[in-house]
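S.K.: Give me coordinates for this.
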Amino acid sequence: MSEIIFEVREDEVDGGFTASALGYGIHTQGDTLEELRAMVKEAVSCYFDETMDRPKIIRLHFVRDEILVQ
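M.R.: Predicted coordinates:
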């Protein structure tokens with residue numbers, strides 16, 4: 001595996017960010033983007049042990065909702 005993709009959402013009510021890996025049971029959160037990046041790296045490191053093929057690239061896909069009022 002060369003890449004793993006995380007869907008990142010900003011919590012508009014409480015602040016902070018949540019991230020979930022697509023196709024894997026990896027979920028984490030952070031109060032800031034810097035903290036989230038560190039938590040994602042740690043979560044991937046914990047999930048993939050030395051017998052598994054660890055991804056070389058971690059991609060963060062930021063998702064946001066935008067509401068247009070007419």
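S.K.: can you pull the contacts of the most centrally placed residue in the chain?
M.R.: The centre of the chain sits closest to residue 19, judged by Cα atoms, centre = their mean, with a distance of 3.1 Å. Applying Cβ atoms under 8 Å, 6 or more residues apart in numbering to residue 19 gives the contacts 6, 7, 8, 9, 27, 28, 29, 30, 36, 39, 40, 60. C-beta here means a position set from N, CA and C on the backbone, and glycine is covered the same way.
S.K.: could you say which helix or strand contains it?
M.R.: Element membership for residue 19 (DSSP states H and E) is strand 17-21.
S.K.: Within its sheet, name the partner strands of that strand and how each one runs.
M.R.: Strand 17-21 sits in its sheet next to strand 3-10 (antiparallel), strand 27-30 (antiparallel), going by DSSP bridges.
S.K.: starting at the chain centroid, how far to the shortest one?
M.R.: Think strand 27-30. A distance of 7 Å separates the centroid of the chain from that of strand 27-30, by Cα atoms, centre = their mean, to the nearest Å.
S.K.: again, but for stretch 6-16
M.R.: 10 Å.
S.K.: first to last residue in it, what's the distance?
M.R.: 15 Å (Cα to Cα, to the nearest Å).
S.K.: Next, the buried residues of it.
M.R.: Under the neighbour-count criterion of 16 or more other Cβ atoms under 10 Å, stretch 6-16 has 6, 8, 9 buried.
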